[in-house]
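>>> Give me a model of this one.
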Amino acid sequence: MSSLKEICDGIPDPLPPRRQRDNTVPHAPVRTPDLTPAEQRLALQNALRYFPPHQHELLAHEFADELRNYGHIYMYRLLPSFDMRAFPIDEIPGRNRQAAAIIHMILNNLDPHVAQFPQELVTYGGNGQVFSNWAQFWITIAYLSEMSEEQTLVMYSGHPMGLFPSNPAAPRLVITNGMVIPNYSSREMYEKMFALGNTMYGQMTAGSYCYIGPQGIVHGTTLTVLNAARRHLGTTDMKGKVFVTSGLGGMSGAQPKAATICGCISVTAEVSKEALEKRHNQGWVATIAHNLDECISKIRYARRQKEAISIGYHGNIVDLWERLVEEYENTGDLLVELGSDQTSCHNPYLGGYYPVQLTYDESRIMMHEDPIRFKNLVQERQVLRRQVTAINKLSDLGLYFWDYGNAFLLEASRAGADVGRDESATGTLFRYPSYVQDIMGDIFSLGFGPFRWVCTSGCPSDLDTTDEISANVLEDIINEGVPETIKQQYNDNIRWIREAKTNKLVVGSQARILYSDQVGRTKIATAFNNAVKDGKLKGPVVISRDHHDVSGTDSPFRETSNIYDGSAFCADMAVQNVIGDACRGATWVALHNGGGCGWGEVINGGFGLVLDGSQAAGDRAQKMLAWDVSNGVARRCWSGNNNAEETICRTMDHNKSLKVTLPNHVQDLDLLDRALQE
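The predicted structure follows:
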């Protein structure tokens with residue numbers, strides 16, 4: 001197992017020697033699926049399906065050990081021993097470039113420098129899987145390496161169902177993750193179904209092979225912090241301002257980098273020493289505070305110096321918030337202006353949130369050995385409710401706090417914390433707004449979202465070229481004339497892309513993210529495709545986006561939390577998004593249950609499109625990106641969002657084939673009450 005070529009040949013026979021977990025890398029928490037004896041038997045039987053009968057005697061006891069010890073059968077024996085990374089596309093075996101590009105993306109998601117728990121196939125978010133087990137990885141890579149342009153690979157929650165005859169215009173890959181019948185989409189059922197090998201939580205971009213490291217959220221976090229300061233501090237000069245938050249995982253690890261780009265002081269609490277040191281070694285966290293006294297001292301010094309610095313506090317966020325309250329009570333100093341939380345609170349009882357009474361190691365043991373007690377510790381007053389109490393006190397003094405879409409306020413409300421949940425017709429309002437409701441929602445409604453791309457050549461020079469191309473495209477669009485609301489967004493993004501290289505954002509593949517609208521995305525994609533055709537780029541470019549976008553996700557406590565017509569809990573948009581992208585030429589599409597706010601709380605859809613310089617790729621980009629954005633803008637328009645209505649009307653003016661149903665607004669709202677009273 002020393003080369004990528006061997007992986008492309010499929011599961012080896014004879015099997016490689018048994019391998020143990022590598023204790024020098026971080027591992028996912030031990031799961032507690034609480035299987036009955038009959039379910040344990042079924043889980044083992046299901047796992048052995050990937051292997052011929054003559055290997056079952058060898059593997060059965062081994063897999064049973066994994067199920068007992070880790071709560072899941074990962075098949076560690078099949079761990080590849082080569083250097084897992086996004087190999088340049090020219091080094092990847094295969095019959096077509098589209099399939100090779102998909103392999104490039106999968107390998108990046110499992111790169112130990114990128115993935116959170118690489119040996120458990122978890123990319124980010126604590127439980128965002130690429131596959132459920134290593135046999136699925138081997139079979140998938142083998143299928144992709146032999147795939148023709150007349151075939152489509154179908155993935156059922158990590159399981160490669162097979163290559164099916166299709167046609168060159170069809171997607172090469174169709175992925176579904178966690179498509180469980182709604183009545184059974186509970187956390188408890190998920191743990192059982194995952195252990196049985198039946199379903200999988202793909203987060204957003206892990207299970208669709210589109211993750212690009214923390215950079216994927218740095219830009220969005222930068223825009224969020226920047227616009228929070230604009231709206232609530234009345235300034236874009238953030239010197240000396242403090243932003244306090246928590247979490248340094250695959251997504252949350254972007255926060256300190258983004259805050260530094262904005263010019264403020266960030267303090268990010270992290271209980272995992274491994275995660276904190278990883279971000280520090282990568283340069284995403286500038287300095288570490290090992291205790292609260294040291295942390296407060298660093299905050300005060302940075303405020304005096306008006307220094308843009310990222311402080312990683314090794315400890316529990318609850319302790320930090322309460323210490324900030326004490327500092328105010330003792331000195332009168334409010335040491336924080338902006339606050340949020342980005343722990344994996346969507347998964348609070350299996351590593352997403354840690355009780356303040358326990359150490360990190362104690363928590364990881366208890367969540368497996370005594371999960372009921374662990375859940376009670378998370379929910380009781382000493383943890384979630386304690387954190388909210390401290391935040392409420394600081395908020396009354398001037399702190400601006402927002403929910404960062406990680407289900408923090410949702411879980412806090414379930415734990416009985418005082419977050420002021422409004423049980424009105426919409427059901428999505430709390431004392432503190434979602435960052436979508438208060439900051440990013442208007443940006444989505446204008447059609448802007450996290451467009452991204454990967455240079456499959458693996459050459460940094462290609463990434464430099466695409467940075468230059470995209471910045472020039474946006475500047476040309478401004479020069480052609482755009483409304484002021486759009487112009488500010490373009491200018492923010494031009495600044496971002498011009499500074500991207502100096503901010504050293506690349507972890508893993510040569511990738512970039514840029515918020516843009518339909519016009520910008522389409523023109524950038526076209527320019528990339530032409531650059532590949534003309535030889536200005538050494539290899540194809542994969543375009544994608546975070547599912548966290550204008551159209552990609554139905555999530556009532558995040559992406560669609562600013563939908564106020566009662567439809568925030570409906571998921572038509574995400575499903576239609578994936579179907580429409582598939583019909584319009586996407587290279588692959590993915591539809592997931594879960595992501596961001598957790599299992600059963602979200603439906604999200606994503607895509608990948610390979611720009612190989614062909615005319616067909618250029619045509620697909622034009623058609624698919626137009627739908628991929630306008631679908632969500634139209635939905636937001638119908639819900640009553642004025643920005644979205646203006647945007648979709650402007651789009652219809654430019655494309656006479658587009659005809660969207662517009663709402664007729666009730667002008668006299670008192671009419672509703674009069675009619676109901678009668």
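>>> alpha carbons only for contacts and neighbour counts from here, please
Fine.
>>> And the strands in the stretch 501-650 of the chain, which stretches?
Assigned by DSSP state E, counting those that start in this stretch, the stretch 501-650 of the chain shows strands spanning 511-516, 541-545, 553-554, 588-593, 603-611.
>>> got it, and the stretch 251-400 of the chain?
Using DSSP E, counting those that start in this stretch, strands in the stretch 251-400 of the chain cover 265-270, 287-289, 310-314, 338-339, 400-401.
>>> residues in contact with the residue nearest in space to the middle of the chain?
Centroid-nearest residue in the chain, with Cα atoms, centre = their mean: residue 204, separated by 4.9 Å. When contacts are counted by Cα atoms under 8 Å, 6 or more residues apart in numbering, residue 204 touches 128, 546-548, 592, 594-596, 604-606.
>>> returning to what we had before: please identify the most buried of the strands of the stretch 251-400 of the chain.
For the strands of the stretch 251-400 of the chain, the largest average neighbour count (mean count of other Cα atoms under 10 Å) is found in strand 265-270, namely a mean of 29.
>>> In its sheet, which strands sit next to it, and in what direction?
Applying DSSP bridges, strand 265-270 is found paired with strand 242-246 (parallel), strand 310-314 (parallel).
>>> Residue 144 is nearest to which of those strands?
strand 242-246 (38.8 Å; Cα to Cα).
>>> ok so, going back, any idea how far the residue nearest to the centre of the chain is from residue 590?
Applying Cα to Cα, to the nearest Å, the value for residue 204 to residue 590 is 9 Å.
>>> Next, show the common contact partners of those two.
Counting by Cα under 8 Å, 6+ apart, the contacts common to residue 204 and residue 590 are 605-606.
>>> Return the distance of stretch 659-675 from the chain's centre.
36 Å (Cα atoms, centre = their mean, to the nearest Å).
>>> Can you point out the buried residues in it?
For stretch 659-675, the neighbour count (16 or more other Cα atoms under 10 Å) marks residue 660 as buried.
>>> As a markdown table, the strands paired with strand 265-270 with distance to residue 253 would be great.
Output for the strands paired with strand 265-270, formatted as a markdown table (distance: least, Cα to Cα, whole Å):
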| stretch | distance to residue 253 |
| --- | --- |
| strand 242-246 | 9 |
| strand 310-314 | 10 |
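>>> now these as CSV including distance to residue 505 and mean pLDDT?
As requested, the strands paired with strand 265-270 are exported to CSV (distance: least, Cα to Cα, whole Å; pLDDT from 0 to 100):
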stretch, distance to residue 505, mean pLDDT
strand 242-246, 20, 95
strand 310-314, 15, 96
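>>> closest one to residue 342 among those?
Evaluated with Cα to Cα, these place strand 242-246 nearest to residue 342, the distance being 5.6 Å.
>>> Restricting to C-alpha, output that closest one in CSV.
These are the backbone C-alpha positions of strand 242-246, laid out as CSV (Å, rounded to 0.1, in the frame of the first residue of the first chain):
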residue,chain,number,x,y,z
VAL,A,242,-11.9,42.4,21.1
PHE,A,243,-13.8,39.5,19.6
VAL,A,244,-14.3,36.5,22.0
THR,A,245,-15.4,33.1,20.7
SER,A,246,-14.6,29.4,21.1
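>>> What lies in contact with that strand?
Identification of contacts with strand 242-246 by Cα under 8 Å, 6+ apart yields 252, 259, 264-270, 299, 303, 317, 335-343.
>>> do stretch 661-674 as well
With Cα under 8 Å, 6+ apart, stretch 661-674 has contacts from 634, 637-640, 645.
>>> Return the entry from those residues with the maximum number of neighbours.
Most neighbours among these, by other Cα atoms under 10 Å: residue 634, with 25 neighbours.
>>> Distance of it relative to residue 641?
Remark: distance between residue 634 and residue 641 (Cα to Cα) = 10 Å.
>>> Tell me how many other residues surround residue 66.
Residue 66: 15 neighbours (other Cα under 10 Å).
>>> Just give me the neighbour total for residue 534.
11.
>>> residues contacting it?
Residue 534 neighbours (Cα under 8 Å, 6+ apart): residue 613.
>>> and it, how far is that from residue 613?
8 Å.
>>> Residue 436 belongs to a helix?
Yes: assigned with DSSP: H, G, I helix; E, B strand; the rest coil, residue 436 falls within a helix.
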